[in-house]
Every structure is written in C-alpha cells, then in structure tokens.
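1. Structure for this input, please:
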Amino acid sequence: MTTRLRTAHTADLTPAELRAAHDLLDDAFDGDFSDEDWDHGLGGIHVLVHDEGGLAAHGSVIQRRVLHRGRSLRVGYVEAVGVRADVRRTGLGGRVMTELERIVEGAYGLGALSASEAGAALYAARGWQVWPGRICALGPDGIVRLPEEEGTTFVRLASAGPLDPAHELIFDWRDGDVL
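-> Numbering: from 1, shown residues only. From the prediction side, this is the model:
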C-alpha cells in the first residue's frame, strides 16, 4: 500500500478536503462525531494520510491554554484522530500521531488530548500519560471541575517542565465537549 502524508493548516485545505476529513471522522466514530467535535479540530495543523482509496487517516493539533499552578501554558491539543475502517491496525494512526507529536514538541510547552476507550492504548503506547490529577475548565461562571474527563485526559510534556498533579489542569472553555 502506497501512502502519502500531508500536513496543512485549516486555511490551506480545500472545501473538498475538509469534507473528506469530516466524513472520515464521522465514519470512524460510527456517526458519533458532532459538528462541535469537528469545529474543535479546526484552526490548527491537520495531518492527512492518503492511499489509493482516498483519505485514509486524519488528525489535527490546535492551540489551547491551560492554567496550572499560576502559569498559563500554551498547549498543542490533539483532536479529530481517525483512521478509515478498512486500513485500521496498519500503522496509519501511528503515522498521524508521529507527525502530530513532532508539531507539539516543536511548537508547544505541553501536549494534551482526551482519549476514547478505543484510542487510549495507542496514546499510552506512544508515551502519552494519563493526567493523574483533577481536570477543570475556566467557564463563563468560573472554574468548573470536569470529573468525567479525569482518567481519559492524556498529557505529553514538551518544554513546559514538570507538572504537579496535586494542582489541577484548568483548560480554556469551548462549546460542546470542553475536552
């Protein structure tokens, strides 16, 4: 199987490429990929893998802010990672993650993502670590704890230095699923 990997900012993708990525993700998540989920993956760098059948895998990294111990960290947040059903378990998800990790490590102090049950093993095998502390968001009415995100939020240190799990990670607010 011959594949071609491309990285591009959202602004550099054509409407057809964006539709193909959205369709791939909708299929990869069995129809449980909302318009808000799609919106969360826009505005950053996309990694696309094409094969003879078209778009085979996708992921993106967008910038977010996280407050931790009085510091505001610039975070490369991994979003919208999916692989076409007929080519799963062939290494394409790993190819996407390798490129996303390169971007995170080169441009951000910290990498973060929220993993599905199906994706958690991939991220753990690549050195991402489940955040052992509390997860919160800075919402319109102040800080809101997100206990449903605890145990599924993974981090990868880049240049941020060590983090203290005794102190929560407070993510910026966004519509839909905050993480």
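2. Centre of the chain to stretch 159-170, how far?
-> 18 Å (Cα atoms, centre = their mean, to the nearest Å).
3. and the closest residue to Leu113 other than its chain neighbours, what is it in contact with?
-> Excluding its sequence neighbours, the residue lying closest to Leu113 (Cβ to Cβ, 6 or more residues apart in numbering) is Val78, at 3.9 Å. Heads up, the C-betas are built off the backbone N, CA and C, glycines and all. Residues in contact with Val78, defined by Cβ atoms under 8 Å, 6 or more residues apart in numbering, are Gly59, Ser60, Val61, Met97, Leu100, Val104, Gly111, Ala112, Leu113.
4. Among those residues, which ones are in helices?
-> Applying DSSP state H to the contacts of Val78, the entries found in helices are Met97, Leu100, Val104.
5. Highest neighbour count among the residues you listed?
-> Leu100 (26 neighbours; other Cβ atoms under 10 Å).
6. For this structure, which segments count as strands?
-> 4-9, 45-51, 54-68, 71-83, 110-114, 129-130, 135-139, 142-145, 153-157, 169-172 (DSSP state E).
7. Show me what the residue nearest to Leu113 is bridged to.
-> Note on Val78: beta-bridge partners by DSSP bridges are Val61.
8. Any figure for the gap between it and Pro140?
-> 25 Å (Cβ to Cβ, to the nearest Å).
9. Could I get the strands of the chain in TSV, plus columns for mean pLDDT and distance to Arg89?
-> As requested, the strands of the chain are exported to TSV (pLDDT from 0 to 100; distance: least, Cβ to Cβ, whole Å):
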stretch	mean pLDDT	distance to Arg89
strand 4-9	97	18
strand 45-51	98	14
strand 54-68	97	12
strand 71-83	95	8
strand 110-114	96	20
strand 129-130	94	23
strand 135-139	95	30
strand 142-145	95	36
strand 153-157	92	20
strand 169-172	96	31
